[in-house]
Structures are given as structure tokens and as C-alpha cells.
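**Student:** Sequence and computational prediction follow.
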Amino acid sequence: MKKPNFIIVYCDDLGYGDLGCYGSETAKTPNLDMLAEEGIRFTHWYSNSPVCSPSRASLLTGCYPARTGVDQIIAGNRGAAGLTKRHRTLAARLQSNGYRTALFGKWHLGSQAENLPNAHGFDEFLGFHSGVIDYYSHINYWIQRKGMDPVHDLWNNGKEMWSNGRYMTNLITDNACDYIRSQADDPFFLYVAYNAPHFPMHAPKEYLDRFPDLPPDRRIMAAMIAAVDDGVGSIIETLKASGKYEDTVIFFSSDNGPSTEARNWLDGKEDLYYGGSAGKLTGHKASLFEGGIREPAIMSYPNHIAGGQVSDKIGVMMDIVPTFMEWAGAPLAHESEVDGRSVAAMAAVDADSPHDKVYWEYDGQLAVRQGKWKLVLNGKLDFDRTAKASVHLSDIELDPGEKVNLAERNPELTLQMANDVKAWYEEMTAAQTK
């Protein structure tokens, strides 16, 4: 069987309720909605972390963040340490199996030589190393909060490049499409890592003009998402024009939930920002409640996956590595190499989720999903606000918004799940010291 191509389209701070096919009443995402119709839309797909760097580490390695050594947001300065070569990425695995590999967009897994994309299996890289840049100047101003000078952060492989005035979302899309056109017969893996709709809230006038009646925060968010949606549409059109669409796996998702950070505003106000939407879910970026970690997720593989599917089975970002390797005809020699599990059968033939339990940890919070149950310990609503209860048990099937705390009604279940997630965290902490 012909080896498929693989494309991951990864957004930044996109909420569960920020796409049309996930119920948004303000965003217009016809291309992503069509992709969902032609493939499978997951309604219980999770990031491994509620923030960017750890989520990306899990996506690319197939391991829990703590096991990768990247369980916090990596600093934006040049020379910041990150993901070491001890941790093998999806790009490196596919590269050794005859794939061409490329990344266009956000990296945010370190900027030392051994941490950069080209050292982690990517033949081609054009993008930025840190977590945030201005969309037009490609300068990271936000490290000034930590007393560091602004730095320009746009690179083509190991060489700094300048493209002043070019909107970053469009720059990523154009390079992705050019790359697809340049590929001949060898299979390829393309990682399209948009920084939208992460702050700063920038969008070209043509996109803002599509949403004249929305309030300012929702308008800029909708415009930025529309630019991404157009980008996905261009990628799909390019695949179809080159005869590659049917044999290409496309996975679309985001690193974490929407941000409430005041710096999303551009008027100096220190108010919570609600431009992004987690739908009916509780929590935002940095929270282990559903709104911080449950993500919109779409997978398309026309020659293998039937269209029009909606799956409520549990999947996690770390599942992408074993899934793609299985479809590439090079399954992992040992399941224990990663923490993720292949969801190939779940996507193709509606098999059960491979997960009995999924765990999370971030910034003093712990969480576990066990079947329909979800336990959050020391939960936060975002970076700064804490939840009312330090122990919160929910029935996610009946209460996806985690509004009702069932911990006191189910003391034995609560204790069992709490003990399990604490034992898992001890295991992860031990793994970091090895």
C-alpha cells in the first residue's frame, strides 16, 4: 500500500467553541467545516497540557509532557533550552522511514542548536523559535516583561531571515502550499504550526471587514481564525491540484484552550479577555478543567477514513505519533516507547478508545479522565484564578461543563482516582530525574 502523506495543522490558543463545526455563532470556518464533513470530527479530544510548549512536546514525541522534560512554557529569549535530542520526534521517526519533513510556523520547544527543528528531524524549517511574535515585524516584544530586550525571531533553517510587513499566517500558508507543490513521489510530513489566534491580536483589514457587526474582541478573533481557515482551504486546494489529497492524512487541532490574559487587549486595560470561546466548557488556557484542555480536532484521510463521522471516543495529542507511524507502515517496535496509543482503528472503524485513563499535570494542578468521570485537584480557571473546590469530580457525559461537583457523593471513586493520579505524577516526576 502506498505510504500516505501527513499534515498536522496546529493552532495556538484556539478554543473548543471557536469553529463553526463546533457550534460557534461568530466564527466563519467553511474550509474546516468541510474538512470535518470529509473526515472525522472528535468531540472528546484532549491536549496533554493547557499551555503551549508542553502540548507541542507531547504532540511530537507521543509522551506525557513531564517525560519529555518540557512541562512548562519555554522562555522566548535566544538560547532558551528545550526539547533535547534524547526525545525522538515524529519528524525524526518518519524521516528515517523515507519521508521528507518540513515545519512552517511556531516551534516553541527551545532555541539552542540541539533543540531546534532541524536537529529534531525536520529537513526544512521556516518560522520562529519562541512562543509569540508580532504578526508583521516578527519581533518578540513580550520578553521585556522579564527584563529582556526585544528580539527578532524569523528563521529559515539556521539562518535569520527578514520579511517585514508580511502577515505571519499568510507567510505560513504560502510556504506550506509551495512545499506541497515541490514534492514529487516521496511521501512527506508537513507540520503547519499557525500562531493564530494567539496574541498580539493582529489581522489584515480584509478579514476584519468580514465581521463588521461583532464587538471588538470577537471581531479580531473571528478575523484571525478566518485567515487560518482560508489557509487550510489553500492547503486542501493545493493537495487536490497535485493529486495528493486522497492519500494525505490531515490532522487539525490546537495546543490549548482560549486565553483570558489581559494582554490580548490592545487598549491597556487589565480586564479578562473573552474573545476566544471554550463553548459551554469551564476553564481557559492554563486550566485543567475541560475548557483548558479539550480541543477541536479533525482528521481526514479520504482513502482510509469515511467522511461525515463524529466521534465521542477519547483521544489525546500524544496519540498522533503511534497513529501516524502505524499508517506509515512503521509501527513502533515497543508500545512502551511512548505514552500515546494508536487511534487508527478508532478513526477508521469506530473502535473503542485505547485509553482507560488519561492524566494531566500543570502548575500544581492534577487531573484524570477515567471513562465518563473526570477528577481535578487544585484546579484553576486560568493562570490566576483558582476553582472554588480543591477536589472536583464530574460526570463528563452528563455535565461536560463540569458545573456540578460530585466528589462528596462518590467518596470511594474520588479517593481511587486521586490516588491514581498522584501515583502517576510521582512516576512522571521520577522520570524527569533520570
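**Tutor:** On my side now, so go ahead.
**Student:** which parts of stretch 212-231 are buried?
**Tutor:** Across stretch 212-231, burial judged by 16 or more other Cβ atoms under 10 Å covers 214, 217-231. In this view, the C-beta of every residue, glycine as well, is placed from N, C-alpha and C.
**Student:** same question but for stretch 271-290, I mixed them up
**Tutor:** Buried residues in stretch 271-290, counted by 16+ other Cβ under 10 Å: 272-279, 281-290.
**Student:** Check the offset of stretch 278-290 from the chain's centre.
**Tutor:** Distance of stretch 278-290 from the chain centroid (Cα atoms, centre = their mean, to the nearest Å) equals 15 Å.
**Student:** mean confidence score for that stretch?
**Tutor:** Mean per-residue pLDDT for stretch 278-290: 98.
**Student:** which other residues reach it?
**Tutor:** Stretch 278-290 has contacts (Cβ atoms under 8 Å, 6 or more residues apart in numbering) with 13, 15-17, 22-23, 50-51, 256-261, 276, 291-294, 360, 362-363, 365-367, 374, 376, 379-383, 387, 392, 396, 400-403.
**Student:** Pick out whichever of the buried residues of stretch 212-231 sits closest to Lys205.
**Tutor:** Ala223 (9.0 Å; Cβ to Cβ).
**Student:** Doesn't Met428 lie inside a helix?
**Tutor:** Yes: using DSSP: H, G, I helix; E, B strand; the rest coil, the assignment for Met428 is a helix.
**Student:** Just give me the neighbour total for the nearest residue to Asp123 once chain neighbours are set aside.
**Tutor:** Spatial nearest neighbour of Asp123, chain neighbours left out: Thr101 (5.0 Å); criterion: Cβ to Cβ, 6 or more residues apart in numbering. Neighbour count of Thr101, defined by other Cβ atoms under 10 Å: 24.
**Student:** separation between Val368 and Ala286?
**Tutor:** Val368 sits 18 Å away from Ala286, going by Cβ to Cβ, to the nearest Å.
**Student:** top helix in the chain by residue count?
**Tutor:** Longest helix in the chain by number of residues (criterion: DSSP state H): helix 216-241.
**Student:** Follow the chain on from that helix and name the next helix or strand.
**Tutor:** With elements assigned by DSSP states H and E, the helix or strand that comes after helix 216-241 is strand 248-254.
**Student:** In three-state terms, how would Lys280 be classified?
**Tutor:** Under three-state DSSP, Lys280 falls in the coil class.
**Student:** show me the contacts for the residue nearest to Asp123.
**Tutor:** Neighbour list for Thr101: Ala91, Leu94, Gln95, Gly121, Phe122, Asp123, Glu124, Phe188, Phe189, Leu190, Tyr191 [criterion: Cβ under 8 Å, 6+ apart].
**Student:** hmm, back to that, just the buried residues of stretch 271-290: which are in helices?
**Tutor:** Residues of the buried residues of stretch 271-290 located in helices (DSSP H): Glu290.
**Student:** Would you agree Tyr301 is in contact with Thr248?
**Tutor:** Yes: between Tyr301 and Thr248 there is a contact at 7.4 Å, judged by Cβ atoms under 8 Å.
**Student:** Which neighbours do those two have in common?
**Tutor:** Pro4.
**Student:** quick check, the residue nearest to Asp123 in a strand?
**Tutor:** Yes: checked against three-state DSSP, Thr101 lies within a strand.
**Student:** count of residues packed around the nearest residue to Val249 once chain neighbours are set aside?
**Tutor:** What sits nearest to Val249 in space, not counting adjacent residues and going by Cβ to Cβ, 6+ apart, is Tyr301, at 4.4 Å. Counted with other Cβ under 10 Å, residues neighbouring Tyr301 total 24.
**Student:** ditto for Trp142
**Tutor:** Neighbour count of Trp142, defined by other Cβ under 10 Å: 18.
**Student:** Roughly how far does the nearest residue to it once chain neighbours are set aside sit from Asp71?
**Tutor:** Spatial nearest neighbour of Trp142, excluding adjacent residues (Cβ to Cβ, 6+ apart): Val132 at 5.5 Å. As judged by Cβ to Cβ, Val132 and Asp71 stand 19 Å apart.
**Student:** how about the helices in the stretch 51-200 of the chain?
**Tutor:** Secondary structure of the stretch 51-200 of the chain (DSSP state H, counting those that start in this stretch): helices at 52-61, 65-68, 90-95, 168-182.
**Student:** deepest of these, which one?
**Tutor:** Most buried of these by mean neighbour count (mean count of other Cβ atoms under 10 Å) is helix 52-61; its value is a mean of 29.
**Student:** Next, the angle from that helix to strand 248-254.
**Tutor:** In terms of direction (axes from the mean of the first three to the mean of the last three Cα atoms, to 10 degrees), helix 52-61 departs from strand 248-254 by 160 degrees.
**Student:** that older thread, against which helices or strands is the longest helix of the chain packed?
**Tutor:** Judged by 3 or more Cβ pairs under 8 Å, 6 or more residues apart in numbering; DSSP states H and E, helix 216-241 is in contact with strand 5-11, helix 30-37, helix 168-182, helix 205-208, strand 248-254.
**Student:** mind listing what Cys363 touches?
**Tutor:** Not quite, residue 363 is Asp, not Cys. Going by Cβ under 8 Å, 6+ apart, Asp363 touches Gln72, Ala286, Lys380.
**Student:** And it, how far from Val51?
**Tutor:** 8 Å.
**Student:** any common contacting residues for the two?
**Tutor:** Listed as contacting both Asp363 and Val51 by Cβ under 8 Å, 6+ apart are Gln72, Ala286.
**Student:** Just want to check the distance between the residue nearest to Phe383 when sequence neighbours are not counted and Glu426.
**Tutor:** Using Cβ to Cβ, 6+ apart and skipping the chain neighbours, the partner closest in space to Phe383 is Ala286 (4.3 Å). Counting by Cβ to Cβ, the gap from Ala286 to Glu426 is 23 Å.
**Student:** Also Pro197?
**Tutor:** Pro197 is 36 Å from Glu426, where distance means Cβ to Cβ.
**Student:** and these two? which has more neighbours close in?
**Tutor:** Shown here are Pro197 and Glu426; by other Cβ under 10 Å, Pro197 has more neighbours (31 against 10).
**Student:** which residues sit in contact with the residue lying closest to the more buried one once chain neighbours are set aside?
**Tutor:** Of all residues not flanking Pro197 in the chain, Met224 sits nearest, at 4.0 Å (Cβ to Cβ, 6+ apart). By Cβ under 8 Å, 6+ apart, Met224 lies in contact with Thr169, Ala196, Pro197, Met201, His202, Ala203, Tyr207.
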